[in-house]
Every structure is written in C-alpha cells, then in structure tokens.
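Peer 1: would you be able to build a 3D model of this:
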Amino acid sequence: MQDPNADTEWNDILRKKGILPPKENPNEVEAAEEELLQHQQSVVKTYEDMTLEELEENEDEFGEEDERAIEMYRQQRLAEWKATQMKKVYGEILEISGPDYVQEVTKAGEGLWVILHLYKRGLPICALINRHLSELARKFPETKFITAISTTCIPNYPDRNLPTIFIYRDGDIKAQYVGPLVFGGMNLTKDDLEWKLSESGAIKTELEENPRRKIEDRLMSSIRTSAPTKKSSDSEED
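Peer 2: Sure, this is the predicted structure:
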C-alpha cells in the first residue's frame, strides 16, 4: 500500500489534484510547537505577578504541577483584595439606628471587628467619646466604628449606663465598657480610649504602655510624698 506521506512523484501528483492533503512542513510544525511551549512557560513564570482577575482568566492554561502554587497565590491575592476593600469602605464613623443593627453589626462580615458606641445627645462624655472615635476611625480603617442613640437599638436603655461601648467580632460580643466611671469621666483622652479598645484586640495600637498609668503613678507618688511617716506621726502624738 502506498504511503500517503511518502515523498514520491506519484504522491506529488495526487496532492496537486487534491486527492491527498498538502504535505506538512516540518519546520512550520516545529515552529508552532515551540511557540506554544514558550507561551505556556511565560504564563507559568508570570503567575506570581498576576492579579486575582488574571489568575482566574489564565486558570485553564496552567499545568497540574502549578495548581498548588497558583492556589496559594490566588488566596494571597484574595486576601489583599479584601484588605483593600475594607480600607476603602471604612475610615470614618457610621451612625445607625435600630433597624440597621443586624446588618451593620452582627452580619458585618467574617473576621471584622466592630466597635459600637451607644450614646445620648446632651451628655458631654458621650460627645467626647464620639470625637475620639471619629479620630480613631481614621487611624484604624480596618475596624468598623459605629455610633447609635442608645434607645434606638435597646428600648428603655438606662441613661446611667451611658456611655456604653460594645465590641463585636463575627457577630459575638468580645468586650463591653459600661458607664462613665469605666472611661474615667471627662478626663478621658484619645490615647486612653485607644489603649482601652486595643485591649480587646479590636485595634492594633502603637502605644507602648497605658497612658493613664503615668497619671496614676504620679498620683500615687504624690500621695506617698505627702503622707506622714510613722516616725513623725509618733512624735506628734508624744
């Protein structure tokens, strides 16, 4: 039987008449294969620099040996994207009312810290805390800061419990601060509040120590200095 791929005069005649398909050019085949190989290699080499969208678009072109590495980079890109989105969304304090509570607090998002301040208009310490929280919201945009008039979220919530701060994560309360004494009254500074909130893990402060501790140490030192010693006290009694 005649080999249709053989390089003979008879096969050439059959090719001219269209009976046999044109003879393949080995150089063209090799060039096409080389181009395909280079394309595949270039895709594999650059997936480390691809965005999340590019990884998804080129998913079918990766080899099986790259699947694990590509999945790792996809997760990394996804985490970076989520972090970027969170920073875009937050950075300022949000005022809500009762109907918004579930959506904005308990369903705020997986792994998201939410700081909720319940307050009442006309209470100076509540206004002070709101001012501090506005600054902290800009400083820690990855955390969601919310304020709400107390009775819109909790009907008949007693004024003596104000200000109140609840800290949530994944819909669960992780910390709570209730009443003016907890905050130190009108002497509360922004750094004091930042430190207190950081103790719950809701924000990551760069403060090295509790700012209020310095005041307390000075106060105790002043008390010890002014207090009479036992010896002088005995002399006075004599």
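Peer 1: quick one: contacts of the strand or helix carrying Glu194?
Peer 2: Assignment of secondary structure by DSSP states H and E places Glu194 within helix 190-198. In this structure, residues lying in contact with helix 190-198 by CB atoms under 8 Å, 6 or more residues apart in numbering are 115, 129, 132-133, 135-136, 139, 165, 167, 177, 183-184, 203-205, 207, 210-212. To be clear about C-beta, it is placed using only N, CA and C from the backbone, and glycine gets the same treatment.
Peer 1: in it, what's buried?
Peer 2: For helix 190-198, the neighbour count (16 or more other CB atoms under 10 Å) marks Lys190, Asp192, Leu193, Glu194, Trp195, Lys196, Leu197, Ser198 as buried.
Peer 1: in a markdown table, list the residues you listed along with distance to Ile96.
Peer 2: Rendered in a markdown table, the data for those read as follows (distance: CB to CB, whole Å):
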| residue | distance to Ile96 |
| --- | --- |
| Lys190 | 22 |
| Asp192 | 25 |
| Leu193 | 20 |
| Glu194 | 22 |
| Trp195 | 26 |
| Lys196 | 22 |
| Leu197 | 19 |
| Ser198 | 23 |
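Peer 1: which stretches in this protein count as helices?
Peer 2: Listed in chain order, the helices of the chain (DSSP state H) span 9-16, 26-46, 52-57, 67-89, 101, 124-139, 150-153, 180-183, 190-198, 211-226, 230-237.
Peer 1: average pLDDT for the last one?
Peer 2: Which is helix 230-237. Helix 230-237 shows an average pLDDT of 53 in the prediction.
Peer 1: one more: the third one?
Peer 2: When pLDDT is averaged along helix 52-57, the result is 70.
Peer 1: could you list the domains of this protein?
Peer 2: Segmentation of the chain into domains, based on automatic domain parsing, reads 29-87, 90-214.
Peer 1: any low-confidence regions in the chain?
Peer 2: Regions of the chain meeting the criterion pLDDT under 70 cover residues 1-7, 11, 20, 23-52, 55, 59-70, 81-89, 214-238.
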